[in-house]
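Asks: predicted model and sequence below, questions to follow.
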Amino acid sequence: MSASAASEPILSLKDISIAFDKGNVLDGLSFSIAPQETKILIGESGSGKTLILKLAAGLIQPDSGSVLMLGHDLCCMREKELLAFRRNIGFVFQEGALFDSLTVADNVAYCLREEHVDEVEIEPRVRESLRFVEMEDTLEKFPSELSGGMRRRVSIARALVTRPDVVLYDSPTAGLDPVTSQTIITLILRLRDTQGVTSLMATHRLQDAFGLANYRFDGQSGRVVHIPQNGASTGASAATTFVVLRDGKNYFEGSPAELADSRDEYLRRFLL
Amino acid sequence: MATTDPKLIEPAEISVREALSDGAKRWILHLQEYSLLSARAVSNLFSTPYYVSDILEQMDIIGVGSLPIVLLTGFFIGAVMVLQTAAQFERFGQTALTADIVSLALVRELGPSITGLLVTGRNASGMASELGSMVVTEQVDAMRAMGTDPIRKLVTPRVVATVLMLPLLTAMADFLGLIGGYLVALFTLRLDSVLYWTRAIDILDFSDLMQGLTKPLVYGFILATVGCYQGLTVKGGTQGVGRATTHAVVTASVFILITDFFLTKLMLYLAGHVF
């Protein structure tokens, strides 16, 4: 990768506006994500977090503005081109969005089969992905037989089986108990710190957001370790930034420390 | 009290003209979206990839799954036709004509229409609720996010399977209807078996068979596209899925009955001028 290519943002949203029947949901929103960065979207319910993820994946088009993802202007692409392009992106939906009629193995293998990958290659890749999320023993189960947390983990396995450059997480811990939420966050840390995946995560749980910002996965010990406040953190774990949404705009964009130190009344509401 | 506050009970001002205009716009939008979905479902047949296993699975669900109700209904429709017509023909001593009437009515009209409506009740509702649930649980978005065209994967196989299966189901319903009519004619009118089957077969022209087997092709297309359209445009969570299911059955049934009139008119014209 050339120096200029490396410095180009993975995702860039410029002046995005989108309105529905009840008015503007996003109104001139702009931000970008650098390679290997983790960007966390925080906002109240209905602030447009999921919408931003869907815009980033080209699932919906903005009324105005531009979405540049992996060097492609998604607003200028036709649906057929977008379908092929989306295979470079992993998307973890809020409730998992696993296909009810397929087993866990078939859900994870879905993308590979769509790409006509050789069946001989599919099985080990599916096992590898499920092993990563510690769900290898559920290969033949159906989504209805899994708990909410297990479905999210399979969803993560499905998103990473194609080894995407960027993964979009839509409230991956919403509705889960604290222990299961911690497991999901550990998986996201592991994916980020061992494979260098660029991440965009929407959440309204600030503890998860700070978990991603303050911890990193140590590949050697296989454990999650705290990043010392004044320590020299490197790589993806060092590049975690927050975007707080308000009235369709990015009200705040900055580091976890800047958010924690903020005296702004609106931001303090998220910190309490 | 707050409830007596006139501002709270004052209805929003909207003129009749605005309401009619909004309604017309919504209706035209639905028609446009339905037409686009139908066109894309058909155009997918001319490019790869094809989801052959999905087509076969849908053929099994729609064809084999609907067979028992279609056969049972066809049998009793034929039987009741003989009961109803025999009483009239007996007055003129022409009970043998019941075979002609049952055969013509079943093959031209009742077989295709009843089968179309039955499969609509069973499968258009099923398509709307299945696809609607997939929309609500974001499975359709997940499919798009993984690079699959949901129309190609979900709609086209259902349309192809229904269009292929409905004529076969109709033929089976026609046959069972003739058997039902025959049994009633045999045991209540004491009609000769050879006479019944000879008259029932001889009365049919090529144009009758064309009419009876062309209609299900069109009905199959209507019920599958309406069911899929209602499913893919679900709004409002699980409540919306229920609404979509009802709309699918009502809309497809009405479309089928309206189309029936125009198709019959066209087929009768073609029978007189072409066949």
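Replies: Looks like it came in fine.
Asks: near chain A, which residues of the stretch 101-250 of chain B are found?
Replies: Neighbours of chain A within the stretch 101-250 of chain B, by CB under 8 Å from any CB of the partner chain: B:133, B:137-139, B:141-149. Using the backbone N, CA and C atoms, a C-beta is placed for each residue, glycine as well.
Asks: pull the helix or strand with minimum mean pLDDT from chain A.
Replies: The least trusted helix or strand in chain A, going by mean pLDDT, DSSP states H and E, turns out to be helix A:3-7, with a mean of 52.
Asks: next secondary structure after that one?
Replies: strand A:11-20 (DSSP states H and E).
Asks: tell me what that following strand is packed against?
Replies: Using 3 or more CB pairs under 8 Å, 6 or more residues apart in numbering or on different chains; DSSP states H and E, the elements in contact with strand A:11-20 are strand A:23-33, helix A:49-56, strand A:64-69.
Asks: tilt between the second one and strand A:11-20?
Replies: Think helix A:49-56. Using axes from the mean of the first three to the mean of the last three CA atoms, to 10 degrees, the inter-axis angle of helix A:49-56 relative to strand A:11-20 is 120 degrees.
Asks: now do the shortest one
Replies: Orientation of strand A:64-69 against strand A:11-20 (the same axes, to 10 degrees) gives an angle of 140 degrees.
Asks: partner strands of the helix or strand following strand A:64-69, parallel or antiparallel?
Replies: Heading C-terminal from strand A:64-69, the first helix or strand you meet, by DSSP H and E, is strand A:72-73. Applying DSSP bridges to the sheet, strand A:72-73 is found paired with strand A:64-69 (antiparallel).
Asks: which residues are contacting the partner strand?
Replies: A:9-17, A:28-30, A:55-58, A:73-75, A:85, A:89, A:166 (CB atoms under 8 Å, 6 or more residues apart in numbering or on different chains).
Asks: one more time with 10 Å
Replies: With contacts defined as CB atoms under 10 Å, 6 or more residues apart in numbering or on different chains, strand A:64-69 is touched by A:8-19, A:26-30, A:32-33, A:52, A:55-58, A:60-61, A:73-77, A:85-86, A:88-89, A:165-166, A:168.
Asks: who does the helix or strand where B:Thr85 lies touch, helix- and strand-wise?
Replies: Per DSSP H and E, B:Thr85 falls inside helix B:65-90. When contacts are defined as 3 or more CB pairs under 10 Å, 6 or more residues apart in numbering or on different chains; DSSP states H and E, helix B:65-90 packs onto helix B:97-104, helix B:111-119, helix B:156-188.
Asks: out of these, which one sits most buried?
Replies: helix B:111-119 (a mean of 25; mean count of other CB atoms under 10 Å in any protein chain shown).
Asks: how about that helix as PDB, C-alpha atoms only?
Replies: Coordinates of the C-alpha atoms in helix B:111-119 are reproduced here as PDB (Å, rounded to 0.1, in the frame of the first residue of the first chain):
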ATOM      1  CA  GLY B 111     -60.700 -25.000 -12.300                       C
ATOM      2  CA  PRO B 112     -58.300 -22.100 -12.900                       C
ATOM      3  CA  SER B 113     -60.200 -19.600 -10.800                       C
ATOM      4  CA  ILE B 114     -60.800 -21.800  -7.700                       C
ATOM      5  CA  THR B 115     -57.200 -23.200  -7.900                       C
ATOM      6  CA  GLY B 116     -55.900 -19.600  -8.200                       C
ATOM      7  CA  LEU B 117     -57.900 -18.400  -5.300                       C
ATOM      8  CA  LEU B 118     -57.000 -21.400  -3.100                       C
ATOM      9  CA  VAL B 119     -53.300 -21.100  -3.800                       C
END
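Asks: other SSEs contacting whatever helix or strand comes next after it?
Replies: Sequence-wise, the next helix or strand beyond helix B:111-119 is helix B:125-136, with elements assigned using DSSP H and E. Helix B:125-136 makes packing contacts with helix B:139-145, helix B:150, helix B:156-188, helix B:206-232, helix B:237-273 when contacts are defined by 3+ CB pairs under 10 Å, 6+ apart.
Asks: what's the spacing between the third one and its chain's center?
Replies: When you say that, I think you mean helix B:156-188. Computed by CA atoms, centre = their mean, to the nearest Å, the chain-centroid distance of helix B:156-188 equals 14 Å.
Asks: pull the number of nearby residues for residue 270.
Replies: If you meant another chain, say so; for now it's chain A. Counted with other CB atoms under 10 Å in any protein chain shown, the neighbours of A:Phe270 add up to 19.
Asks: look at chain B instead
Replies: 14.
Asks: what residue in chain A is the furthest from its centre?
Replies: A:Val120 (29.3 Å; CA atoms, centre = their mean).
Asks: for that one, give its distance to chain B.
Replies: 19 Å (CB to the nearest CB, to the nearest Å).
Asks: name the helix or strand for that residue, please.
Replies: Judged by DSSP H and E, A:Val120 forms part of helix A:119-132.
Asks: list the buried residues in that helix.
Replies: A:Ile122, A:Arg125, A:Val126, A:Ser129, A:Leu130, A:Phe132 (16 or more other CB atoms under 10 Å in any protein chain shown).
Asks: was I right about B:Leu45 contacting B:Val155?
Replies: No. Assessed by CB atoms under 10 Å, B:Leu45 is found out of contact with B:Val155, at 11.3 Å.
Asks: looking at those two, which is more packed in?
Replies: B:Val155 (26 against 11).
Asks: and that one, what pLDDT?
Replies: Per-residue pLDDT puts B:Val155 at 98.
Asks: from B:Gln58, how far out is it?
Replies: 11 Å (CB to CB, to the nearest Å).
Asks: ok, now A:Ala109?
Replies: For A:Ala109, the distance to B:Gln58 - CB to CB - is 21 Å.
Asks: more neighbours, the two?
Replies: Using other CB under 10 Å, the more surrounded residue of A:Ala109 and B:Gln58 is B:Gln58, with 25 against 22.
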